[in-house]
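Student: Let's see this in three dimensions:
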Amino acid sequence: MNCIQCTLGGYLMNTIIKRAYGKLNLSLDIVGKCEDGYHLVCMVMQTVDLYDELTIQKTDKPGIQLTTDRPDLPTNEDNLIYKATKLLFDEFQIKGGVSIHLKKQIPIAAGMAGGSADCAATLLGINTLFDLKLTEQDLQKRAVTMGADIPYCIMGGTALSEGIGEVLTPISPVPDCHVLLVKPNIDISTKWVYQTLRWNTLTSHPDTKKMLSALEAQSLSEVSATMENVLETVTIPAYPVIASIKEKLLSLGAINAMMSGSGPTVFGLFPDQTAGEKAYSICKELYPDYQVEWTRFISREEIKNK
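Tutor: Predicted coordinates:
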């Protein structure tokens, strides 16, 4: 977090810069469905060091002004950044206005919670900038009304996510490794994936307990062996390119590869940095129209210190 301050009888914060980190699912299971249509999940979530950047500035002019470097993103009430800002402004009757600029790096509609991460960073930023004194738990209660992934994005790090995604338990971090991401040039609707999924006919489910034990033991090989995402049963038949990217990452030395969230981003884990960097170079050349990123997992403590 960066703050731009001016001295006037003390410190007056006018601008704050927040990083909104993306996430990956190391496992994703669907264990039920609520009457309101939400699915009950059991997921292991992990923050990656790939982030959007939000510059939030107080203005004298009332209202919310949102701009972005991506012309394909809405800048009105249809954007979660705008919704989060309005929620806090209305609740706390904040005077004046705010200008927010979003610089995107997390792939859009990619299964990496980019929109949720932006929303979480906005809630955290507005809370700090206007000194609302809300706790992390206070923000999470408000966040879940806008999206199931947003409470996790507020917390970050490695976590077990249950309920509709709002029941969060911090767990042991993933052992050190490198991560190669490939987002093909397709957009997949999360709503369509969940509507298409027949969760009660699934024949295979992730062994979440085994993954938690592997994390506790800090065994990267066991963590990778227990990676599974049941949503692949919907997306891969419809978009075979996801399977082909998985196969390519495995052939380049990943110890496992999987789709994150509802897709279409595929990630591979590389214990060896040299092999991973070589794979990254090959993928950048092989997939010139795809977004290819070389990154790593990041802990909750690191996020707090940035």
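
Student: list the helices and strands the helix or strand harbouring residue 292 packs on?
Tutor: Here residue 292, judged by DSSP states H and E, is contained in strand 291-296. Using 3 or more CB pairs under 8 Å, 6 or more residues apart in numbering; DSSP states H and E as the contact test, the elements touching strand 291-296 are strand 39-59, strand 178-183, helix 273-286. Quick note: C-beta positions are derived from backbone N, CA and C, even for glycine.

Student: Let's see that strand as CSV, backbone CA atoms only.
Tutor: Coordinates of the C-alpha atoms in strand 291-296 are reproduced here as CSV (Å, rounded to 0.1, in the frame of the first residue of the first chain):
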residue,chain,number,x,y,z
GLN,A,291,-1.8,-13.9,-21.9
VAL,A,292,1.2,-15.8,-20.5
GLU,A,293,2.5,-14.9,-17.0
TRP,A,294,5.4,-16.2,-15.0
THR,A,295,4.8,-15.7,-11.3
ARG,A,296,4.8,-17.2,-7.8
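
Student: residues making contact with that strand?
Tutor: When contacts are defined by CB atoms under 8 Å, 6 or more residues apart in numbering, strand 291-296 is touched by residues 48-50, 107, 110, 176-183, 276-277, 280, 283-284.

Student: what about the strands in the stretch 201-306 of the chain?
Tutor: When assigned using DSSP state E, counting those that start in this stretch, the strands of the stretch 201-306 of the chain occupy the ranges 228-229, 256-259, 266-270, 291-296.

Student: Would you tell me which one of those is buried the most?
Tutor: strand 266-270 (a mean of 27; mean count of other CB atoms under 10 Å).

Student: Let's have the helices and strands packed on strand 291-296 in JSON lines, adding distance to residue 213 and mean pLDDT.
Tutor: JSON lines is the format used below for the helices and strands packed on strand 291-296 (distance: least, CB to CB, whole Å; pLDDT from 0 to 100):
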{"stretch": "strand 39-59", "distance to residue 213": "12", "mean pLDDT": "97"}
{"stretch": "strand 178-183", "distance to residue 213": "22", "mean pLDDT": "98"}
{"stretch": "helix 273-286", "distance to residue 213": "26", "mean pLDDT": "97"}
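
Student: so how far is the longest helix along the chain off the chain centroid?
Tutor: The single longest helix within the chain, with elements called by DSSP state H, is helix 114-129. Put simply, helix 114-129 sits 12 Å off its chain's centre (CA atoms, centre = their mean, to the nearest Å).
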